[in-house]
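> any chance you can model this:
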Amino acid sequence: METRHTDAFTLRDIFGPAYRYSLLGALLLLAGAFVAEHFANLYELAYSLRPTSTYVGDLLLDNLPVVNLNFIIVEGALISILAGSLFVLLRPRHVLFSLKAVALFIAIRALFVSLTHVGIYPGNINPGAGIFDGIYLYLNFQTGFFFSGHTALPFLMALIFWRERLARIIFFVLSFVFGVAVLLAHIHYSIDVFAAPFMAYGIFNIARHLFPRDWELIEQGTAAQTAPAS
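Alright, predicted model coming up:
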């Protein structure tokens, strides 16, 4: 019979000699990813002003009504990021891998949004001028189309926390809700949303290949919690 045990691994262990360099590497990767995203965002904004940056037809957007769902797309996304960050911190074994996987996610998305440029679909709902809207725009959720960060990031987190059924369901629900919201607000093309889970799955597996030691730390915790009672 399997019995769940209390995990003795804590955040303090991450700062210890065994993991401090991995933590430093994760933070550097994340910082580098944000720098890449910043310049990708500036490039995308500049390119969007060119006359060649025109919108294209989309089977779903051509037939969907435009709905203002900014409270989900802006505030909901930022609240989810904060809540998700706290959730990861409460599971210390997941911190290193999650940081590196998210850094990889941000860097790959920055590359993709820099490659192909199309104009935003007409009639889209724009963010407001508040502080949350400014943060949202800086994080490149609006100007970068392929692929949808709203849809892909919670999907990636669902894969990382696959062994936790409730967390997995919540992250999948968030991915679905955000995907529907950005389509109804016409701020993403359908290909951006439907490709997002596949991109997240690919990034997840690349991260597992690049950072096996950090993934093994998660696996060890799962094995320890389900070990037979002595």
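> who touches the closest residue to Ala167 other than its chain neighbours in this structure?
Leaving aside its sequence neighbours, Ala167 sits nearest to Phe161 (CB to CB, 6 or more residues apart in numbering; 4.3 Å). Glycine gets a C-beta too; all of them are placed from N, C-alpha and C. When contacts are counted by CB atoms under 8 Å, 6 or more residues apart in numbering, Phe161 touches Arg91, His94, Ala167, Arg168, Phe171.
> lowest average confidence, helix or strand, in the chain?
Within the chain, no helix or strand scores below helix 131-138, which has a mean of 69 by mean pLDDT, DSSP states H and E.
> what element comes up after that one heading to the C-terminus?
Per DSSP states H and E, the first helix or strand lying C-terminal to helix 131-138 is helix 149-160.
> any idea how far the residue nearest the centre of the chain lies from Leu183?
By CA atoms, centre = their mean, the mean C-alpha position of the chain lies nearest to Leu153, the distance being 2.2 Å. Leu153 sits at a distance of 16 Å from Leu183 (criterion: CB to CB, to the nearest Å).
> ok, now Asn124?
The spacing between Asn124 and Leu183, counted by CB to CB, is 11 Å.
> more neighbours: those two, which one.
For the pair Asn124 and Leu183, the greater number of neighbours falls to Leu183 (24 against 15), based on other CB atoms under 10 Å.
> next up, the contacts around the residue nearest to the centre of the chain.
Ile81, Val102, Phe105, Ser175, Ala200.
> now, which of those sits nearest His188?
Taking CB to CB as the measure, His188 lies nearest Ser175 of the contacts of Leu153, at 13.0 Å.
> wait, the closest one touches Phe155, no?
Yes - Ser175 is within contact range of Phe155, at 4.3 Å (criterion: CB atoms under 8 Å).
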